[in-house]
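In: What follows is a predicted protein model with its sequence.
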Amino acid sequence: MTKTISKNFTLKACIFATGLAGIVAEYVMSTLASYLLGNAVVQWTLTISLMLFAMGIGSRLSKSLQHHLLDSFIAVELLLSSLCAISAVATYWLSIYIMTIDMVVYSFALGIGLLIGMELPLATRLNAYFEELRINISSVMEKDYYGALLGGVLFAFVALPYLGLTYTPVVLGAVNLIVAALLFWQQRQNITYRKWLGFAFIVVPLFLAWLAWFAKPIVQYSEQRKYRDTVVYSKQTPYQQITITTWRNDFWLYLNGNQQFSTYDEARYHEPLVHPAFALSPSHKKILILGGGDGMAVREILKYPDVEHIDLVDIDPAVTALGLNNALFLKANQASLKSAKVKIHNTDAAIFIRDCRQIYDIVLIDLPDPKSVSLSRLYSLQFYQQIRKVTAKGGLLVTQATSPFFSRKAYLSILKTMRAAGFTAIPYHNQIPTMGEWGWVLGINHDRLTVDQIKQKLIKTDFSVIDTRFLNNDAMLAMLHFGKGIFADFEKIEINSEFNLVLYRYYDKGDWDFY
């Protein structure tokens with residue numbers, strides 16, 4: 001570079017902005033990988049590791065750029081702007097046609113990481129024109145790290161909740177574009193390839209504008225192609241992707257692409273979740289539900305007039321908002337969440353139980369399957385032990401326990417873990433047409449009752465006094481019995497502990513390819 005740059009304020013501002021954009025890019029790709037590929041812990045770890053590896057390669061490649069450093073820095077920013085902006089939309093669209101979408105996600109992660117890795121060395125070399133090495137390195141790193149902090153805060157509290165994965169990458173691309181434009185305008189006399197970069201500053205903004213206009217239709221089209229039925233609702237929250245589809249007179253709820261229920265047969269899930277516990281419990285006054293923000297389980301609970309209070313704990317306010325306000329949900333849950341008996345807590349179930357000072361007659365767990373480390377903690381020995389402390393003597397705990405057919409070992413691990421926590425626990429299952437064979441585990445906080453005594457009491461219970469769509473005495477009898485081989489290796493199944501979270505591995509090794 002033949003001329004000395006007169007001021008470095010713009011460069012410092014650009015370094016701050018690239019630090020912000022870089023960390024947000026990592027979070028976007030990691031969140032996208034979690035949504036499309038599942039297992040958040042693995043995907044965040046793998047995606048960020050790949051991006052950091054690519055950043056190392058980018059840093060190494062940057063040393064080969066010996067001339068026209070300002071031109072190179074601006075060109076990298078423009079490329080990064082385009083690649084960041086298109087990453088999510090392109091991945092959504094390609095997921096329709098490519099089965100192994102993980103390679104697409106990881107390729108974008110590597111490409112973005114490569115360009116981010118080139119930014120900082122180039123910025124440091126540019127900054128060397130007005131600061132000695134000792135100050136230069138610390139100054140550049142300082143601004144980059146400050147930008148990363150702001151980027152993390154903005155992603156968690158602004159970008160993901162309000163822009164989602166559709167528009168956050170586009171805004172990210174705009175940040176990099178602005179960085180490049182500021183440098184280009186201020187230092188245009190020091191730029192060698194002004195015509196080429198000037199042309200790029202026409203093309204890239206037009207591309208971003210086109211992308212901003214068509215991003216939502218493209219994502220909606222891609223989302224629709226994943227489902228057989230019509231998508232009528234789609235929202236990315238800080239916790240999950242919520243999708244609702246309809247067919248004829250029924251609707252389906254999906255979280256991160258996984259079916260939670262269908263109104264066609266949800267009674268075959270929610271009635272077994274609720275009524276066996278109420279049949280066994282001597283008291284129904286205080287009820288706790290972990291999960292169940294759709295309000296279906298609460299609908300069943302309110303059929304018991306002696307229920308006085310229900311605490312419902314669901315981490316995602318968007319789910320409980322659907323249960324409270326969405327017309328489809330209100331019709332299905334009979335406006336159960338609007339009952340004066342219900343108090344909603346939008347917080348983490350583990351934190352709620354840890355801080356709880358109440359005693360409940362019945363605790364129902366209606367959480368997603370344990371397909372990740374974080375979810376597996378909510379099926380752990382320590383978690384069940386904490387729940388036992390807030391469960392009355394003789395009180396009941398029931399959890400949905402995934403499929404005893406598709407993930408038999410995970411199902412047995414939940415049963416064994418609940419027993420290890422001090423509950424006298426029994427398994428039962430049911431056939432749900434839209435979900436397949438599904439299972440629950442029921443535990444009583446009473447050490448004098450045996451498994452056979454609990455089963456006999458359920459078999460003799462008269463369910464005809466409760467207004468149900470599915471559950472009756474014959475159904476309860478069938479749900480308590482299993483075919484050959486289900487419990488054959490029960491003694492070899494491991495307990496799911498926070499110090500040995502085997503459950504998600506059992507779940508991952510299930511026969512879900514046939515699901």
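Out: Yep, it's here.
In: what residues are up against the most centrally placed residue in the chain?
Out: In the chain, the centroid-proximal residue (CA atoms, centre = their mean) is residue 240; its distance is 3.8 Å. Contact partners of residue 240, counting by CB atoms under 8 Å, 6 or more residues apart in numbering, are 35, 255, 256, 316. C-betas here are computed from N, CA, C, even on glycine.
In: Check what pLDDT it gets.
Out: The model reports residue 240 with a pLDDT of 85.
In: What about it? Give its phi and psi, please.
Out: Main-chain dihedrals, residue 240, degrees, to the nearest 10: phi -170, psi 170.
In: picking that back up, filter the contacts of residue 240 down to just the ones in strands.
Out: residue 255 (DSSP state E).
In: In terms of distance to residue 301, which of the contacts of residue 240 ranks first?
Out: residue 316 (20.3 Å; CB to CB).
In: Number of residues surrounding the closest one?
Out: Look at residue 316: counted by other CB atoms under 10 Å, it has 17 neighbours.
In: Could I get the contacting residues of the residue nearest to it when sequence neighbours are not counted?
Out: In space, residue 316 comes closest to residue 239 once its chain neighbours are excluded; the distance is 4.6 Å by CB to CB, 6 or more residues apart in numbering. Residues counted as contacts of residue 239 (CB under 8 Å, 6+ apart) are 315, 316, 318.
In: and residue 287, which of the three is it?
Out: strand (DSSP: H, G, I helix; E, B strand; the rest coil).
In: next one: the one 3 residues further on
Out: Look at residue 290: counting by three-state DSSP, its state is strand.
In: In three-state terms, label residue 510 for me.
Out: Looking at residue 510 with three-state DSSP, the answer is coil.
In: quick one: buried residues of stretch 486-505?
Out: 486, 493, 495, 496, 497, 501, 502, 503, 504, 505 (16 or more other CB atoms under 10 Å).
In: Any chance of JSON lines for these, columns pLDDT, distance to residue 390 and secondary structure?
Out: Formatted as JSON lines, the buried residues of stretch 486-505 follow (pLDDT from 0 to 100; distance: CB to CB, whole Å; DSSP: H, G, I helix; E, B strand; the rest coil):
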{"residue": "486", "pLDDT": "92", "distance to residue 390": "31", "secondary structure": "coil"}
{"residue": "493", "pLDDT": "96", "distance to residue 390": "27", "secondary structure": "coil"}
{"residue": "495", "pLDDT": "96", "distance to residue 390": "21", "secondary structure": "coil"}
{"residue": "496", "pLDDT": "96", "distance to residue 390": "20", "secondary structure": "coil"}
{"residue": "497", "pLDDT": "96", "distance to residue 390": "20", "secondary structure": "strand"}
{"residue": "501", "pLDDT": "92", "distance to residue 390": "22", "secondary structure": "coil"}
{"residue": "502", "pLDDT": "94", "distance to residue 390": "25", "secondary structure": "coil"}
{"residue": "503", "pLDDT": "95", "distance to residue 390": "22", "secondary structure": "helix"}
{"residue": "504", "pLDDT": "89", "distance to residue 390": "25", "secondary structure": "helix"}
{"residue": "505", "pLDDT": "91", "distance to residue 390": "29", "secondary structure": "helix"}
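In: Columns distance to residue 344 on top of the residues you listed, output as a markdown table?
Out: Listed next are these as a markdown table, based on distance: CB to CB, whole Å:
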| residue | distance to residue 344 |
| --- | --- |
| 486 | 37 |
| 493 | 36 |
| 495 | 32 |
| 496 | 28 |
| 497 | 31 |
| 501 | 29 |
| 502 | 33 |
| 503 | 28 |
| 504 | 28 |
| 505 | 33 |
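In: Closest one of those to residue 154?
Out: Using CB to CB, those come closest to residue 154 at residue 504, 30.7 Å.
In: Pretty sure the closest one sits against residue 376.
Out: Yes - using CB atoms under 8 Å, residue 504 makes contact with residue 376 at a distance of 4.3 Å.
In: between the contacts of residue 240, which is nearest residue 248?
Out: residue 255 (22.2 Å).
In: how near is the nearest residue to that closest one once chain neighbours are set aside to residue 470?
Out: Spatial nearest neighbour of residue 255, chain neighbours left out: residue 240 (4.9 Å); criterion: CB to CB, 6+ apart. Going from residue 240 to residue 470 by CB to CB, to the nearest Å gives 28 Å.
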